[in-house]
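> no sequence on hand, only this structure:
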């Protein structure tokens with residue numbers, strides 16, 4: 001408890017000075033009180049106002065001491081109730097998170113590695129006593145749930161009979177369009193290349209491999225990586241011609257089939273102007289919002305080459321670009 005007894009019993013202090021101190025004390029308590037339950041707040045302010053009104057008469061030093069003590073006792077009682085009020089949502093949050101963890105753990109194999117992680121997180125949730133600890137637990141839970149999603153996606157992709165897959169996914173070995181970007185798939189790109197190498201006018205194949213996509217996946221999770229490539233594919237589609245066709249070739253590589261009656265140099269210049277346009281996208285991670293610059297390494301091949309040779313060139317470029325990610329390259 002804050003004590004004003006020493007000040008109030010100072011022989012040099014006048015009653016007027018002491019009265020001013022007590023009034024300032026009451027004013028400060030009222031202004032800086034924590035906002036808790038509305039009923040408690042109103043009652044607390046009424047009590048303080050009653051104490052303030054009691055100072056209007058002529059009071060002795062002892063009486064002022066009693067009033068100051070009453071003000072501090074009122075503050076302590078109010079703070080005790082408010083602390084319980086503020087802790088109540090934290091307890092409800094802990095209970096909700098523990099129920100979520102229990103439900104997710106029940107859906108996993110009992111001896112699975114994620115179950116042990118979830119149980120450990122549940123223990124940390126119960127022990128979390130402050131905002132900083134709660135924030136760390138939330139990040140750990142987010143990482144664990146992201147890993148569970150990746151495990152589930154891998155299981156679904158490797159097991160066509162997975163009941164969680166859609167009927168179309170179980171019926172077809174490959175979807176009509178790539179699920180993340182909505183673009184046509186690699187097999188459809190290979191069919192287009194097989195039919196396009198003898199077309200007139202000639203066509204060209206542009207390959208764009210996104211820089212740092214693997215780093216985005218490792219640092220922020222595959223959901224962020226998927227969001228980046230989806231945004232970038234839409235960015236390119238909006239700027240290419242309507243007759244141009246785009247495909248998702250690999251994890252980080254996109255392919256565009258460009259029908260152009262121009263020389264290779266002119267097509268390269270056209271694509272260079274497109275690739276020089278600045279592209280950024282804001283993503284939300286478990287802990288913060290980040291503005292990510294999206295760059296890509298790119299090249300253009302004439303489609304007149306035999307399809308097998310052209311596919312080999314695209315694969316070689318995409319693989320090299322994903323391993324070595326310079327800012328831009330033509």
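All right, it came through fine. Bear in mind the structure is a predicted one, so any value in this text is a computation, not a measurement.
> where does pLDDT dip in the stretch 201-330 of the chain?
201, 324-330 (pLDDT under 70).
> where do the strands sit along it?
For the stretch 201-330 of the chain, the strands defined by DSSP state E, counting those that start in this stretch cover 203-210, 245-248, 253-259, 280-284, 289-293, 296-302.
> looking at these, which is nearest to residue 224?
Closest to residue 224 of these, according to C-beta to C-beta: strand 280-284, at 5.0 Å. Heads up, the C-betas are built off the backbone N, CA and C, glycines and all.
> burial measure for residue 301, as a count.
Residue 301 has 18 neighbouring residues, counting by other C-beta atoms under 10 Å.
> ok, now how distant is it from residue 242?
Shown here: residue 301 relative to residue 242, a distance of 22 Å by C-beta to C-beta, to the nearest Å.
> then residue 300?
Following C-beta to C-beta, the distance that separates residue 300 from residue 242 is 19 Å.
> related to what we said a few turns ago, let me have the strands of the stretch 201-330 of the chain in a markdown table, extended by distance to residue 51.
Supplementary listing: the strands of the stretch 201-330 of the chain in a markdown table, determined by distance: least, C-beta to C-beta, whole Å:
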| stretch | distance to residue 51 |
| --- | --- |
| strand 203-210 | 67 |
| strand 245-248 | 72 |
| strand 253-259 | 72 |
| strand 280-284 | 49 |
| strand 289-293 | 47 |
| strand 296-302 | 70 |
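> which of those sits closest to residue 181?
Closest to residue 181 of these, according to C-beta to C-beta: strand 245-248, at 5.3 Å.
> what's the closest one packed up against?
Where contact means 3 or more C-beta pairs under 8 Å, 6 or more residues apart in numbering; DSSP states H and E, strand 245-248 is packed against helix 186-196, helix 222-237, strand 253-259.
> picking up where we left off before, show me which of residue 300 and residue 242 is the more surrounded one.
Neighbour count, other C-beta under 10 Å: between residue 300 and residue 242, residue 300 has more, with 21 against 5.
> so that one versus residue 272, what's the distance?
9 Å.
> again, but for residue 291
25 Å.
> give me the more crowded residue out of those two.
Higher neighbour count among residue 291 and residue 272: residue 272, with 13 against 8, using other C-beta under 10 Å.
> so which of the strands of the stretch 201-330 of the chain gets nearest residue 25?
Smallest distance to residue 25 across those (C-beta to C-beta): 43.3 Å, for strand 289-293.
> adjacent strands (with direction) for the closest one?
strand 280-284 (antiparallel) (DSSP bridges).
> how about the partner strand: buried residues?
Neighbour counts over strand 280-284 (16 or more other C-beta atoms under 10 Å) mark 281, 283 as buried.
> domain boundaries for this protein, per the record?
Domain ranges of the chain: 5-85, 107-156, 186-323, per automatic domain parsing.
> one step back: which among the strands of the stretch 201-330 of the chain is found nearest to residue 27?
Evaluated over those, closeness to residue 27 peaks at strand 289-293, with 40.5 Å, by C-beta to C-beta.
> tell me the angle that closest one makes with helix 222-237.
50 degrees (axes from the mean of the first three to the mean of the last three C-alpha atoms, to 10 degrees).
> now the helices and strands packed on strand 245-248 as JSON lines including mean neighbour count?
Listed next are the helices and strands packed on strand 245-248 as JSON lines, based on neighbours: other C-beta atoms under 10 Å:
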{"stretch": "helix 186-196", "mean neighbour count": "17"}
{"stretch": "helix 222-237", "mean neighbour count": "19"}
{"stretch": "strand 253-259", "mean neighbour count": "23"}
